[in-house]
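J.: Sharing a model prediction with you, sequence too.
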Amino acid sequence: MIRLVDAIVGFWFLPVTLFIILPLTMLCGWAVFKLFFPPKPMTAKDQASEKKQLDDVIVLTEGS
């Protein structure tokens, strides 16, 4: 009977672990990763290809 009670109390911590501790751990891991591996700045080639992609987009409005 005592083992069953211990198991039930242990299951009370399952939502705490899944919805609080796990996301906080992932957030801290992501922050440390971004601290040591910051995003690379865009080169002129990347900016040109991005501008070309934006020029290829056709914008549709209600009036047309």
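T.: Arrived safely.
J.: Run through the helices of this protein in chain order.
T.: Taking DSSP state H, the helices of the chain run over residues 2-16, 22-36, 44-56.
J.: which stretch in these is the model least sure about?
T.: Mean pLDDT per stretch puts helix 44-56 lowest among those, at a mean of 63.
J.: how far away is residue 14 from residue 26?
T.: Between residue 14 and residue 26 the computed distance is 17 Å (Cβ to Cβ, to the nearest Å). C-beta: built from backbone N, CA, C; applies to glycine.
J.: can you check residue 33 too?
T.: 10 Å.
J.: next one: residue 40
T.: Relative to residue 26, and taking Cβ to Cβ, residue 40 is found at 23 Å.
J.: Between those two, which has more neighbouring residues?
T.: Taking other Cβ atoms under 10 Å, residue 40 and residue 26 do not tie; residue 26 has more neighbours (10 against 7).
J.: Against residue 37, how distant is the more buried one?
T.: With Cβ to Cβ as the criterion, residue 26 and residue 37 are 16 Å apart.
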